[in-house]
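K.L.:
requesting a structural model of the entry that follows:
(one chain, ligands or ions: 1)
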Amino acid sequence: MDYTDKINPYNVPTRKLYTGAHVPAVGLGTFGSDKYGPDVIAEAVLGAAEAGFRHFDCAACYGNQKEVGASLAKAMRDVPREEFFITSKLWNDMHGYMNAMRSCEQTLEELGLEYLDLYLIHWPFPNFHPPGCPEDYHNPDARPYIHEEFMDTWRALEELVHMGKLKHIGTSNMSLVKLEMLLRDSDVRPAANEMELHPTFQQKMLFDFCQNEEILPIGYCPLGSPSRPARDRTPEDASDMEHPVVTAIARERGIHPAEVCIRWQATRGSVPIPFSVKPTQYLANIKAVMADPLTDEEMKRLETCECGNRLIKGQVFLWREGQNWRDLWDENGMIAT
Ligand SMILES: NC(=O)c1ccc[n+]([C@@H]2O[C@H](COP(=O)([O-])OP(=O)(O)OC[C@H]3O[C@@H](n4cnc5c(N)ncnc54)[C@H](OP(=O)(O)O)[C@@H]3O)[C@@H](O)[C@H]2O)c1
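P.N.:
Next up is the predicted model:
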């Protein structure tokens, strides 16, 4: 990489959590989509940190935390730990109080950290799939969402906050109704909700709910995840970076469609976590959140891209024969049993 391209991390805008802590307004995703291995991603983490990234989105199930941790350790030789914002996630096979305590410890060890800035429950279901599984994989032990069980896991996260191992805790892949129940029953509030967000999938109701409740929306698949695994592809999926409104705005501004997608989130108030192992791409992605916001007129045009284009449907987590992936998302406001 040409390091003259480096940006000053202090110039990267931040978002505030309800605790007053600041999160850099863009993070580097670290899920290799079954396409990029741990060493390639670790190299990208180090390169991105050297280029000015301070926010990294990790997870136990990405299978690369040890390698990512080694890169973070190198980066932290020059930059104090407090300047980074590191997220990780509890995988579905480790729900439950004791499992969550153990899994968090293991993640801290793998990443070589004393604490995490944010720890998320990756999915509200305890149903897991093995890495790299095919799209029709079915886990025979899969179960529906059971609120009491979810809260048992949440209690472990709350305890880890009290122990100083986690600065913030949060959720991912939640529905509005599940979040309402969590807000009702939690002692430590969720600080963030990681959710799929891109111009063709805007999740307006859930997004507004999170913002009103001071839960920061963190947007995954911000570019429409062009390299996602085969199990997350269906013929009807739309491509954000090829959407005519996105490409028109890109043309008018003389920028790449990826930048339009990232600036759409930055203008809207969520934190995108684009993945890339390519220096030119991740540099462009961090520079995109430093640019001026899109105009109201552009944001209105981008609103029209919404077409319910959920890419990460989660069908591998279904628990009953004959179910549809829509059952995972409580679209009618009811939790499927
Ligand atoms: N919480 C969850 O359940 C969940 C689910 C999914 C993802 N995530 C997180 O979100 C992160 C991002 O999601 P994602 O990787 O699925 O999707 P994404 O960020 O929308 O797409 C990443 C892909 O876009 C391409 N790209 C990146 N920057 C670009 C640029 N500037 N110009 C053109 N193309 C560019 C790259 O493709 P090429 O590599 O082919 O160049 C890259 O692999 C993940 O890494 C993970 O950390 C979380």
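K.L.:
list the buried residues for stretch 123-140?
P.N.:
In terms of neighbour count (16 or more other Cβ atoms under 10 Å), stretch 123-140 has its buried residues at 123-129, 139. Every C-beta, even on glycine, is put in place using the N, C-alpha and C of the backbone.
K.L.:
and for Glu149, the neighbour number?
P.N.:
As a burial measure, Glu149 scores 16 neighbours (other Cβ atoms under 10 Å).
K.L.:
Thr107 too?
P.N.:
24.
K.L.:
where do the strands sit along the stretch 151-300 of the chain?
P.N.:
Listed in chain order, the strands of the stretch 151-300 of the chain (DSSP state E, counting those that start in this stretch) span 169-172, 192-196, 216-220, 271-272.
K.L.:
ok, the stretch 1-150 of the chain next?
P.N.:
14-16, 22-24, 28-29, 55-57, 85-90, 118-121.
K.L.:
who wins for proximity to the ligand among the ones you listed?
P.N.:
Nearest to the ligand, of all the strands of the stretch 1-150 of the chain, is strand 28-29, at 2.3 Å by Cβ to the nearest ligand atom.
K.L.:
what packs against that closest one?
P.N.:
The contact analysis (3 or more Cβ pairs under 8 Å, 6 or more residues apart in numbering; DSSP states H and E) places strand 28-29 against helix 38-51, strand 55-57.
K.L.:
what do you get if the cut-off is 10 Å, keeping everything else the same?
P.N.:
Counting contacts by 3 or more Cβ pairs under 10 Å, 6 or more residues apart in numbering; DSSP states H and E, strand 28-29 is packed against helix 38-51, strand 55-57, helix 279-290.
K.L.:
now do the second one: distance to the chain's middle.
P.N.:
Put plainly, it is strand 55-57. 9 Å (Cα atoms, centre = their mean, to the nearest Å).
K.L.:
average pLDDT across it?
P.N.:
Strand 55-57 carries an average pLDDT of 99.
K.L.:
my guess is Leu206 contacts Leu176. True?
P.N.:
Yes. If you go by Cβ atoms under 10 Å, Leu206 and Leu176 touch, sitting 5.2 Å apart.
K.L.:
shared neighbours, the two?
P.N.:
Contact criterion Cβ atoms under 10 Å, 6 or more residues apart in numbering; residues shared by Leu206 and Leu176: 193, 329.
K.L.:
can I get the strands of the stretch 1-150 of the chain in a markdown table with mean neighbour count?
P.N.:
A markdown table is the format used below for these (neighbours: other Cβ atoms under 10 Å):
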| stretch | mean neighbour count |
| --- | --- |
| strand 14-16 | 15 |
| strand 22-24 | 19 |
| strand 28-29 | 26 |
| strand 55-57 | 25 |
| strand 85-90 | 25 |
| strand 118-121 | 27 |
